[in-house]
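*Asks:* Pasting a predicted model and its sequence here:
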Amino acid sequence: MTRHPLRRLAVCALTAAVAVLPAGPALAGGGTLPAVHPRAETPPLRDDEAGGNADADDPAIWRNPADPDRSLVVATAKEGGLRVYDLAARLVQSVAAPPGPGADDAPGRFNNVDLVHGVKLSTGRADLAVTTDRGNDRLRVYRIDPARPDRPLTDVTDPAAAPVFSAGQDEINEQRTAYGLATFTDRTTGRSYALVSRRERTRIALLELTPTAQGRVGYRTVRTLDLPSAFRLPDGTSWSPCAEPGEAPQVEGMVVDPDNGVLYAGQEDVGIWKLRADLTGTPKLLDKVREYGVPGTYDESTEECVAGADPGYGGTRLTADVEGLTLVQQKDGDGYLLASSQGDDTFAAYDRETGEANEYEGGFRVTAASAALDGSEECDGAAALNQPLGSRYPHGLLVVQDGHDAPGDGDTGVTNFKYVDLGDVLDALDD
C-alpha cells in the first residue's frame, strides 16, 4: 500500500518498449459515479501504539459448497497475521504471523491472500488459503477445514519452504520480499500456482505449489518476469514514477482469469498490465493512472515527491495507486475486472473478455450506509465472488478494504473490511 501517489523518484534509466492497449471511453458526460453501500463491516483493526499492530489489507472469499451460509472471508492484517470472518462479518479466527529467525528478526507480516480449490494432498483434497509472508519472504499455506467452524485454518506450510526472492536473512531484513499474490490452477494439467510480486521491485515470480508426502505444501520457482520501470513518453522522453531512492515501481494487486489464463497486475503508480499467467509473451498496458508521465522530485526532508507539470499522458479512470484487482465472473466469459483506484476512493470496471480491449464499463464508489456504517476510502484490497452465499448474499459478495474506518475521526490508523452485496454493484454498473 502507498499513501502518497507521487512519492517515488525516477531512478531507472532503462526505457521500455511496451504495447499499450486502446483506451476505453470515459464516463459519459463526466457525470458522478454511482454509489453502493456496504451491508456489514468487520471489527476495527488498529495499527497504532495504543491499539496494536494489525492493519487490514487484502481479503479472499471462500464458499462453503455444503452450506453456503457458513462461507468465510479470509483476510490479511499485516503484522496482525490473518483474520477469518463469517458472512455476518464477525471474527471467527485469528492466525498470528510467524516471526523471522535469528537475532535480527524481521516481524512476520502477511500482505496478500488468495485461495486454491481442490488441491490433492496426501491427507485428501483440500481448499487452501495462500498468503505472502512479507516479513519472511515466503508463502504460507493454510488448509481450510469446514468441519472446524471455530478454527477453520490449519497451517500446512512445508517447513523446508525457501525464501521467494531473497538469498538470506540479511536481504530479508531489507524487506524487498514477497508482496502481491494471485493463485490459479491450470485446467489442463491440474497443477496449482502462485504469482508473487516483489516489494519495491518490478519482478513477478511464478511458483508451482508442491504438496509433500506429509500433507504439507511447498513451492518451486518456475520463472520470473520484470515489468518495466521506465517508459518512453509520446514526446520522446523517458519517465519513471517518483520514488524514494533505490525503489522501483512495485506491483501489488493481481488476479488471474481462470478461463483464459490471463494475469492482470496493478503496478501501483503506472497502471494495469495484462499478460499471460505463465509469464511468457509480451505484457500489455491495459490502462494507465492519471499520474502516468508526471515528473516528480523526491524531497528527503518530507519523504514525499514534489510533482511537476502534468504533460497529459495519463489515463482518465485510475488515480494512483491502482490497488486491489478482482474478477466478477459471469457465464460465457462475461463479467468485469474491478480495480481499486485508491487515490480517489473509487472502483473502475473493465469488460472481462477474451479479446485485448477490456473496454472500460464504468465505475462506482462504496459510500456510507448510515452514520454507524461508513464506506471505503483508500482501498487496498478487494475480492468478489459471483455465487450465491446463502441467505445474506444470494447474489454474491464484494469485500473491500477500508483504509480509513470512521474517516471523520482523521487518520487514526483504524482499518477494516466492508461487505457489499454484489447484486448492488452489478445493478450500478448496468444502469
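*Replies:* Looks like it arrived, so ask away.
*Asks:* CA only for contacts and neighbour counts going forward, please
*Replies:* OK.
*Asks:* Just to be sure, Ile172 is in a strand?
*Replies:* No: per DSSP: H, G, I helix; E, B strand; the rest coil, Ile172 lies outside any strand segment and is helix.
*Asks:* Buried residues, the longest strand along the chain. List them.
*Replies:* When the chain is parsed with DSSP state E, its longest strand is strand 110-121. Residues of strand 110-121 classed as buried by neighbour count (16 or more other CA atoms under 10 Å): Phe110, Asn111, Asn112, Val113, Asp114, Leu115, Val116, His117, Val119, Leu121.
*Asks:* of all those, which comes closest to Thr212?
*Replies:* Nearest to Thr212, judged by CA to CA, of the buried residues of strand 110-121 is Leu121 at 7.4 Å.
*Asks:* And for that closest one, nearest residue in space, chain neighbours not counted?
*Replies:* Counting by CA to CA, 6 or more residues apart in numbering, Leu121 lies nearest to Gly215, which is 5.4 Å off, once chain neighbours are set aside.
*Asks:* and that neighbour, how many neighbours does it have?
*Replies:* Gly215 has 15 neighbours, counted by other CA atoms under 10 Å.
*Asks:* Repeat that for Val294.
*Replies:* Neighbourhood size, Val294 [other CA under 10 Å]: 19.
*Asks:* contacting residues around it?
*Replies:* Contacts for Val294 (CA atoms under 8 Å, 6 or more residues apart in numbering) come out as Trp239, Pro241, Ala307, Gly308, Ala309, Asp310, Pro311, Gly312.
*Asks:* about what we covered before: ok, which pair from the buried residues of strand 110-121 is furthest apart?
*Replies:* Asn111 and Leu121 (25.1 Å).
*Asks:* Doesn't the residue nearest to Leu121 belong to a helix?
*Replies:* No: using three-state DSSP, the assignment for Gly215 is coil, not a helix.
*Asks:* tell me the phi and psi of it?
*Replies:* Backbone torsions for Gly215, taken as degrees, to the nearest 10, come to phi 80, psi 10.
*Asks:* Is it possible to get TSV of the contacts of Val294 that adds distance to Lys274?
*Replies:* As requested, the contacts of Val294 are exported to TSV (distance: CA to CA, whole Å):
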residue	distance to Lys274
Trp239	20
Pro241	19
Ala307	28
Gly308	29
Ala309	29
Asp310	25
Pro311	25
Gly312	23
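*Asks:* Quick check: phi and psi at the residue nearest to the spatial centre of the chain.
*Replies:* The centroid of the chain falls nearest to Gly253 when counting by CA atoms, centre = their mean (3.1 Å). Main-chain dihedrals, Gly253, degrees, to the nearest 10: phi -60, psi 130.
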